[in-house]
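Enquirer: Let's see this in three dimensions:
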Amino acid sequence: MKANLSHIDKNGVPKMVDVSEKVITKRTAVAQAMVLFPPPIFRLLCADEFLSTKGSIIQTAIIAGTMAAKRTAELIPLCHPLPISKIQIKIKPAKNHLKVEALVKCEARTGVEMEALMAVSIASLTIYDMCKALTQDIIITETKLMQKEGGKNVFRR
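Expert: Numbers count the residues shown, from 1 in each chain. Got it, this is the predicted structure:
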């Protein structure tokens with residue numbers, strides 16, 4: 001069985017998927033990423049309540065992730081611009097890492113998976129940027145879609 005990629009036509013040319021015939025439904029996606037730190041650096045960040053001379057690391061990352069989700073269609077060439085109705089980003093400390101999670105909702109003809117993935121990616125990169133003066137030994141890992149609802153497919157990890 002040959003897999004059909006929705007963004008490539010039969011001649012191998014990239015295309016934006018035509019969603020004009022699809023029904024508008026409520027769409028939800030949740031994505032997550034992990035930002036790993038060396039243990040001494042993580043302890044230092046925790047002791048300083050994730051505040052830096054640039055400001056709150058966590059609050060800045062939440063704003064950056066929110067902005068990124070809203071601009072996904074500008075950065076991913078074949079994504080549709082979507083009327084996003086909710087973006088919620090949570091960043092929680094765990095053992096030597098920050099867990100970044102984004103929930104994105106809209107009512108549209110296509111889903112918000114890319115918006116949720118973009119949110120956690122940019123939030124994670126913002127954390128890296130704000131902490132790189134302490135160490136470059138920061139690893140962004142496990143960026144993944146956790147769930148998607150709405151439309152014809154439901155996905156839960």
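Enquirer: rest of the way, CA atoms for contacts and neighbours
Expert: Fine.
Enquirer: And what about the nearest residue to residue 145 once chain neighbours are set aside, helix, strand or coil?
Expert: The spatial neighbour of residue 145 that comes closest, neighbours along the chain excluded (CA to CA, 6 or more residues apart in numbering), is residue 31 at 4.3 Å. Of the three states, residue 31 takes strand according to DSSP: H, G, I helix; E, B strand; the rest coil.
Enquirer: if I pick residue 31, what's in contact with it?
Expert: Contacts for residue 31 were tallied using CA atoms under 8 Å, 6 or more residues apart in numbering; they are 101-103, 113, 116-117, 120, 143-147.
Enquirer: Could you list the low-confidence segments of the protein?
Expert: The model of the chain has pLDDT under 70 over residues 1-3.
Enquirer: starting at the chain centroid, how far to the longest helix along the chain?
Expert: As far as residue count goes, and with DSSP state H defining each element, the longest helix of the chain is helix 113-131. Taking CA atoms, centre = their mean, to the nearest Å, the mean C-alpha location of helix 113-131 is offset from the chain mean by 6 Å.
Enquirer: What of stretch 90-106?
Expert: Between the centre of stretch 90-106 and the centre of its host chain there is 10 Å, according to CA atoms, centre = their mean.
Enquirer: export that stretch as PDB, just CAs?
Expert: Coordinates of each C-alpha in stretch 90-106 appear next as PDB, following Å, rounded to 0.1, in the frame of the first residue of the first chain:
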ATOM      1  CA  LYS A  90       1.700  25.400  31.000                       C
ATOM      2  CA  ILE A  91       5.400  25.100  32.000                       C
ATOM      3  CA  LYS A  92       6.100  23.000  35.100                       C
ATOM      4  CA  PRO A  93       9.400  22.100  36.800                       C
ATOM      5  CA  ALA A  94      10.100  18.400  37.200                       C
ATOM      6  CA  LYS A  95      13.400  16.600  38.000                       C
ATOM      7  CA  ASN A  96      16.000  18.600  36.100                       C
ATOM      8  CA  HIS A  97      13.700  19.700  33.400                       C
ATOM      9  CA  LEU A  98      10.800  21.900  32.500                       C
ATOM     10  CA  LYS A  99       7.700  20.300  30.900                       C
ATOM     11  CA  VAL A 100       6.200  22.600  28.400                       C
ATOM     12  CA  GLU A 101       2.600  21.800  27.400                       C
ATOM     13  CA  ALA A 102       0.300  23.700  25.000                       C
ATOM     14  CA  LEU A 103      -3.500  23.300  24.500                       C
ATOM     15  CA  VAL A 104      -4.900  25.000  21.300                       C
ATOM     16  CA  LYS A 105      -8.600  25.200  20.300                       C
ATOM     17  CA  CYS A 106     -10.500  26.500  17.400                       C
END
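Enquirer: Fine by me, we can end here.
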